[in-house]
Structures are given as C-alpha cells and as structure tokens.
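K.L.:
Build me a structure from this.
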Amino acid sequence: MTSFSLEGRAALVTGGSRGIGGAIAELFARHGARVAVCHHGDAAGAEELRGRLAPDGLACPATECDVADEASVAAMAAWARQELGQVDILVNCAGIGGDKAFADLSVADWDRMIGVHLRGTFLVTHAFFPDMVQRGYGRVINIASQLAYKGAPGLVHYCAAKAGIVGFTRALSYEGAPHGVTVNAIAPGPVETDLLRGLSPAWREMKQAQLPIGRFGQVDEIAPTALMLASSAGSYYVGQTLSPNGGDVMV
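P.N.:
Next up, the predicted model:
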C-alpha cells in the first residue's frame with residue numbers, strides 16, 4: 001500500500017524559507033519528515049516558517065547558502081548532515097527572477113541566472129547524491145518551470161536555466177534509479193511568490209490573460225506534487241517533470 005507519510009525521512013529544501021520552497025518544507029514537516037532549509041538572505045522568512053511549525057512541536061532549522069557558490073554549498077551540506085544525520089529527500093527550489101529583453105541582458109545577468117538555477121541544482125545534488133546511491137535510497141526533486149517548455153519574452157536566461165534543469169533531471173534519473181534514488185522535477189505555472197511579484201506589471205498582466213484558469217497559482221497548490229514525489233506514493237516516477245500550471249502548457 002502506498003502512503004504519503006514521510007515518517008523516518010530527513011529532507012533538505014533549498015530556497016525553503018518562503019514561496020514554493022517554504023510551502024514544501026512545511027508540508028513535509030507536517031507529514032512526518034525532519035526538515036531543514038537553506039536560504040539566501042531571508043532569515044526573517046525562515047523564522048516565520050519556524051513560527052508556523054513550532055506550535056505543533058515541529059522544528060525546521062535553517063541556514064544561509066548561496067547555491068551558486070561551491071564553498072557555500074559545501075558548508076551548507078556539512079551543516080545539513082549535522083542537523084539531519086543524512087538527507088533522504090532533496091528539493092532544489094532556490095531561484096531568482098527578473099525579466100529583461102535579450103538585447104539588454106548582460107553576461108553577469110546570464111551567469112547569475114544560470115548559476116543559481118542550473119549550477120545550484122548541480123552543486124547541491126552533487127553534495128548528496130553519492131550518499132543516497134550508497135545507502136540505496138533517495139528522492140531528488142528539482143523545481144523547474146513550465147517556461148522550460150513554453151518560453152517567454154524577456155525571460156530567455158530564466159527559460160534556458162529551467163530547461164537545463166529538465167534535462168539534468170532526465171539524465172540523472174538513469175544513474176539514480178538502479179540504486180533506489182529517484183530524480184524528478186516539478187514545472188509550476190506562474191505562482192504568487194516574490195519571484196513573480198518581482199516581474200514587471202505588464203508581464204504579469206500579459207501572463208494572467210493567457211491562463212485558461214484565469215488566475216495565478218498559490219504555493220499550496222504546488223507543494224502536494226512534491227509530497228507525492230517524496231513519498232512512497234511516487235515511487236514509480238523516474239525522470240518525470242510534473243507540471244501544475246493552470247493550463248498554461250497543455251501537454
């Protein structure tokens with residue numbers, strides 16, 4: 001019998017202090033996992049998350065990490081092992097946004113976007129994946145975007161990074177699955193987060209008008225997909241990218 005319980009499992013969520021990552025961290029904790037999160041400059045958000053969980057006797061330690069920086073990731077990984085003992089479930093959710101026409105993109109803009117999303121997914125996964133393979137169990141869940149498939153004006157760097165995450169997920173799943181480690185991704189549609197709110201009003205208006213559902217999603221509508229993939233209910237998903245997107249990409 002399959003179950004959505006995460007009892008006995010330890011989970012790490014990058015970008016887990018708020019937004020989609022925060023919703024996933026909270027849902028995991030409420031389903032029995034021991035959860036830790038990392039963030040980049042959002043100690044207040046991490047404290048708010050701890051405050052929501054504390055009344056129910058649930059803990060969620062947090063630390064600072066720039067996932068694009070190798071030394072920062074190494075320090076975070078050592079901290080996570082100290083807090084959790086081991087990481088059974090890894091959610092790569094750290095991300096940044098910002099729309100800019102391709103002609104105006106600087107090399108620094110491109111490098112930072114690719115660095116946080118794609119390089120960060122590589123660095124953090126690389127820190128924990130070998131241990132999962134050795135133990136014969138693991139769940140890696142990467143947060144991509146429906147824009148990896150659809151594209152969008154002003155977001156060439158973002159779309160390229162997220163498409164890279166989809167390819168990374170598919171390829172790594174071949175190496176993990178024979179050892180009990182599943183690697184999957186979630187490609188949300190536009191969701192009410194700080195990242196979306198950071199885009200221009202014109203872009204937001206254009207995107208909302210395109211959505212068949214007529215509204216942006218909420219973080220609580222994305223987190224259950226991660227719970228399914230992390231639990232035994234998702235044990236037959238390998239190399240997949242699931243896309244709760246409000247109809248923005250009908251595939």
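K.L.:
What mean pLDDT does stretch 98-115 get?
P.N.:
The pLDDT scores in stretch 98-115 average 96.
K.L.:
start to end distance for that stretch?
P.N.:
Stretch 98-115 has its terminal residues 14 Å apart, counting by CA to CA, to the nearest Å.
K.L.:
Give me the contacts around that stretch.
P.N.:
Applying CB atoms under 8 Å, 6 or more residues apart in numbering, the external contacts of stretch 98-115 come out as 68, 96, 153-158, 160-161, 164, 198-200, 203. (Each C-beta comes from the backbone N, C-alpha and C, glycine too.)
K.L.:
how about these, which pair is most distant?
P.N.:
Spatial extent of the contacts of stretch 98-115 (CB to CB) is set by the pair 68 and 153 at 25.0 Å.
K.L.:
re earlier: let's see if you can find the most crowded of the contacts of stretch 98-115.
P.N.:
residue 161 (27 neighbours; other CB atoms under 10 Å).
K.L.:
Just give the nearest non-adjacent residue to that one, would you?
P.N.:
Spatial nearest neighbour of residue 161, excluding adjacent residues (CB to CB, 6 or more residues apart in numbering): residue 117 at 3.7 Å.
K.L.:
Please apply the same query to residue 152.
P.N.:
residue 159 (6.2 Å).
K.L.:
OK, contacts around the one you found?
P.N.:
Listed by CB under 8 Å, 6+ apart, the contact partners of residue 159 are 145, 147, 148, 151, 152.
K.L.:
where does residue 132 land in three-state SS?
P.N.:
helix (DSSP: H, G, I helix; E, B strand; the rest coil).
K.L.:
Next, the spatially closest residue to it that is not a sequence neighbour: phi, psi?
P.N.:
If the residues on either side of it in the chain are set aside, residue 132 comes closest to residue 138, at 2.7 Å by CB to CB, 6+ apart. Taking degrees, to the nearest 10, you get phi -180, psi 160 for the backbone angles of residue 138.
K.L.:
and if you look at residue 228?
P.N.:
According to degrees, to the nearest 10, residue 228 has phi -60, psi -50.
K.L.:
Quick check: the spatially most central residue of the chain vs residue 180, distance?
P.N.:
By CA atoms, centre = their mean, the chain has its centre lying nearest to residue 93, at 2.2 Å. Residue 93 sits 23 Å away from residue 180, taking CB to CB, to the nearest Å as the criterion.
K.L.:
One more: residue 73?
P.N.:
In terms of CB to CB, residue 73 sits 24 Å off from residue 180.
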